[in-house]
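A.B. asks: What follows is a protein structure lacking sequence information:
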């Protein structure tokens with residue numbers, strides 16, 4: 001029943017996505033809420049995370065970014081817990097865009113960086129491409145132009161390699177937006193001259209893309225970005241009439257999307273254009289709106305730009321006292337923005353350093369974990385595999401019904417060696433026997449130190465004849481070893497070996513028990529011929 005329920009809820013998620021794509025936000029929201037409730041009741045974590053994410057995208061589509069933020073935060077953490085890196089990266093990316101629209105630039109940048117960090121672990125597919133584009137847009141909105149440029153350059157490379165034509169057009173539009181934003185920033189905050197040729201190139205790019213109807217083919221957001229770019233570029237170039245011709249369409253589309261940053265950019269461009277053609281009243285109205293909107297966002301760049309435009313308007317109207325007040329407000333915003341930008345750059349470097357250090361720490365922990373895992377399966381004295389490895393291997397192999405033989409090996413009169421020559425000498429004897437085993441075994445065999453002076457040899461695929469050959473070679477190798485070099489007076493060391501071939505239904509215990517019985521039979525046969533162990 002659980003499988004059928006999971007399939008049904010998955011179908012509802014697919015219907016939610018289809019409804020959202022068709023513009024039916026109400027139906028999409030109802031489906032997302034229903035799936036979230038049912039999945040939570042049944043503890044289907046993957047579907048609950050998916051439903052919460054879809055609910056967040058419904059809010060984004062309706063420009064309800066405050067509501068979207070809560071859903072997207074929850075979905076990002078849930079996908080992270082599930083280990084679904086592709087969806088986690090996407091949700092962090094969408095969250096970054098929503099936070100930017102709300103003017104919560106600190107969380108926007110943090111979410112964008114988180115999305116990029118997760119996406120870096122993914123193959124260069126569309127998910128990673130989308131994350132990079134969104135991150136670049138967010139960075140451009142907050143004035144982190146170098147990070148935006150880096151994101152767009154990486155995304156452009158991936159888009160070319162993957163031949164993602166739609167993404168290439170989106171990138172061209174947003175790269176132009178980045179250039180225009182940087183030019184405005186340098187003029188309004190840095191009080192620097194702008195490159196006219198650079199702005200002219202961006203204007204031609206945006207007009208070309210707009211003629212191709214990229215906005216409708218890709219998204220209304222891209223079209224809004226293109227139109228806003230064109231209005232701002234024309235103002236920067238002094239084409240005030242041309243800017244005003246495009247401004248109504250640009251502003252209406254930005255307002256329908258509740259794209260606050262684009263609205264402010266358009267509004268301030270309208271104020272400058274009206275000021276340029278001496279329409280002071282219209283310029284003042286637009287400047288007032290720009291200041292009011294900018295104050296609602298924690299964006300010192302836009303606030304400074306808005307105060308600068310209104311200062312120019314007041315000066316043109318002869319209201320010099322008010323113009324001076326606006327100049328002071330601009331100066332305060334300018335200083336705050338310079339401090340913020342310096343802090344942001346320092347934080348970006350610190351964040352990157354932290355990521356690098358974290359990756360190094362994770363790699364070191366993984367290496368240490370792998371090393372400890374090896375040690376946990378290895379006998380520290382002899383270097384052979386240990387009992388834990390043997391248990392795991394035999395249980396797994398016996399369940400699969402493979403053909404194998406085991407040999408149980410015991411050192412004859414080992415207690416006497418310890419008592420008469422010391423435990424250190426006893427340990428050296430064990431190491432010597434382990435070396436003899438390794439030398440005598442076939443390439444597919446392996447030896448295990450079971451406990452004390454007991455060893456087990458596992459011989460996959462060995463028949464009775466080949467297993468007997470291993471036994472005789474090993475007994476001879478141990479008997480003929482130069483044990484006197486280990487300790488003066490140490491006589492020849494011998495071992496007893498019992499063989500057992502796995503039969504259907506054998507367990508680990510029954511197999512070892514059979515080998516143990518034969519090993520004691522072998523020990524009894526050789527006991528009378530063993531020399532007495534003692535110090536001469």
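C.D. replies: Looks like it came in fine. Since we're looking at a predicted model, the values are computed, not measured.

A.B. asks: Pull out the buried positions in the helix or strand hosting residue 117.
C.D. replies: Assigned by DSSP states H and E, residue 117 falls within helix 105-119. Within helix 105-119, the residues that count as buried by 16 or more other C-beta atoms under 10 Å are 105, 107-119. C-beta here means a position set from N, CA and C on the backbone, and glycine is covered the same way.

A.B. asks: cool, and stretch 248-267?
C.D. replies: 250-251, 253-255, 257, 259-267.

A.B. asks: who's in contact with residue 499?
C.D. replies: 405-407, 464, 467-468, 471, 515, 518 (C-beta atoms under 8 Å, 6 or more residues apart in numbering).

A.B. asks: can we see that at 7 Å?
C.D. replies: Residues in contact with residue 499 (C-beta atoms under 7 Å, 6 or more residues apart in numbering) are 405, 407, 467, 471, 515, 518.

A.B. asks: cool, and residue 294?
C.D. replies: So residue 294 contacts 264, 302-303, 306 (C-beta under 7 Å, 6+ apart).

A.B. asks: tell me the least confident of these?
C.D. replies: Across the contacts of residue 294, the bottom pLDDT score, 80, is held by residue 302.

A.B. asks: What is the helix or strand where it lies packed up against?
C.D. replies: According to DSSP H and E, residue 302 maps onto helix 300-316. Under the contact criterion of 3 or more C-beta pairs under 7 Å, 6 or more residues apart in numbering; DSSP states H and E, helix 300-316 touches helix 165-188, helix 260-276, helix 280-296, helix 320-376.

A.B. asks: Worst mean pLDDT across the helices and strands of the protein, which element?
C.D. replies: In the chain, no helix or strand scores lower on mean pLDDT, DSSP states H and E than helix 214-218, which sits at a mean of 49.

A.B. asks: Just after that one, pick out the following helix or strand.
C.D. replies: Downstream of helix 214-218 (by DSSP H and E), the next one is helix 220-236.

A.B. asks: relative to helix 260-276, how tilted is the very next helix or strand once past that next one?
C.D. replies: Moving toward the C-terminus from helix 220-236, the next helix or strand (DSSP H and E) is helix 240-256. Helix 240-256 runs at 160 degrees relative to helix 260-276, counting by axes from the mean of the first three to the mean of the last three C-alpha atoms, to 10 degrees.

A.B. asks: Determine the set of other helices and strands touching helix 240-256.
C.D. replies: Short answer (3+ C-beta pairs under 7 Å, 6+ apart): helix 240-256 packs on helix 220-236, helix 260-276.

A.B. asks: Could you check the angle the first one makes with helix 260-276?
C.D. replies: Meaning helix 220-236. 30 degrees.

A.B. asks: State the mean pLDDT of stretch 104-116.
C.D. replies: Per-residue scores along stretch 104-116 average to 84.

A.B. asks: chain center to that stretch: distance?
C.D. replies: 14 Å (C-alpha atoms, centre = their mean, to the nearest Å).

A.B. asks: and for it, what are the contacting residues?
C.D. replies: For stretch 104-116, with C-beta under 7 Å, 6+ apart as the criterion, the contacting residues are 89, 92-93, 95-96, 99-100, 131-132, 134-135, 138-139, 142, 144, 298-299, 351.

A.B. asks: Using PyMOL, make a named selection holding only the buried ones among those residues.
C.D. replies: Selection of buried members from these for PyMOL, criterion 16+ other C-beta under 10 Å:
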select buried, resi 89+92+93+95+96+99+100+131+132+134+135+138+139+142+144+299
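
A.B. asks: Give me the neighbour count for the closest residue to residue 27 other than its chain neighbours.
C.D. replies: Distances taken as C-beta to C-beta, 6 or more residues apart in numbering place residue 19 nearest to residue 27, at 4.2 Å, with adjacent residues excluded. Counted with other C-beta atoms under 10 Å, residues neighbouring residue 19 total 20.

A.B. asks: which stretch of helix or strand covers residue 19?
C.D. replies: helix 2-21.

A.B. asks: can you check residue 458 too?
C.D. replies: strand 454-460.

A.B. asks: For the helix or strand containing residue 70, list every residue counted as buried.
C.D. replies: Per DSSP H and E: residue 70 is located in helix 65-82. Buried residues in helix 65-82, counted by 16+ other C-beta under 10 Å: 65, 68-69, 71-76, 78-80.

A.B. asks: secondary structure element for residue 500?
C.D. replies: strand 495-501.

A.B. asks: Now do that strand against strand 454-460, angle only.
C.D. replies: Using the same axes, to 10 degrees: strand 495-501 against strand 454-460 is 40 degrees.

A.B. asks: how big is the angle separating whichever helix or strand comes after strand 495-501 from strand 454-460?
C.D. replies: On the C-terminal side of strand 495-501, the closest following helix or strand by DSSP H and E is helix 508-527. Inter-element angle recorded for helix 508-527 and strand 454-460: 120 degrees (by the same axes, to 10 degrees).

A.B. asks: So what touches helix 508-527?
C.D. replies: With C-beta under 7 Å, 6+ apart, helix 508-527 has contacts from 391, 394-395, 398, 406-408, 410, 412, 494, 496-500, 502.

A.B. asks: cutoff 10 Å now
C.D. replies: Residues from elsewhere that reach helix 508-527 (C-beta atoms under 10 Å, 6 or more residues apart in numbering): 390-395, 397-399, 404-410, 412-413, 450, 454, 456-457, 471, 475, 479, 494-503, 506-507, 530.

A.B. asks: could you flag which of those are buried?
C.D. replies: If we count by 16+ other C-beta under 10 Å, the contacts of helix 508-527 have these buried: 390, 393-394, 397-398, 404-410, 412-413, 450, 454, 456-457, 471, 475, 494-502, 506.

A.B. asks: picking up where we left off before, same list, the helices and strands packed on helix 240-256, but as CSV with distance to residue 14 please.
C.D. replies: Putting the helices and strands packed on helix 240-256 into CSV (distance: least, C-beta to C-beta, whole Å) gives the following:
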stretch, distance to residue 14
helix 220-236, 24
helix 260-276, 32
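
A.B. asks: can you tell which of those is closest to residue 443?
C.D. replies: Checking these against residue 443 by C-beta to C-beta gives helix 220-236 as the closest, at 62.0 Å.

A.B. asks: Which strands or helices does that closest one pack on?
C.D. replies: helix 126-141, helix 165-188, helix 196-211, helix 214-218, helix 240-256, helix 260-276 (3 or more C-beta pairs under 10 Å, 6 or more residues apart in numbering; DSSP states H and E).

A.B. asks: For the ones you listed, which has the smallest mean pLDDT value?
C.D. replies: helix 214-218 (a mean of 49).

A.B. asks: got a list of what residue 310 touches?
C.D. replies: 268, 271, 283-284, 286-288, 290-291, 322-323, 325-327, 329-330.

A.B. asks: That concludes my questions; thank you for your assistance.
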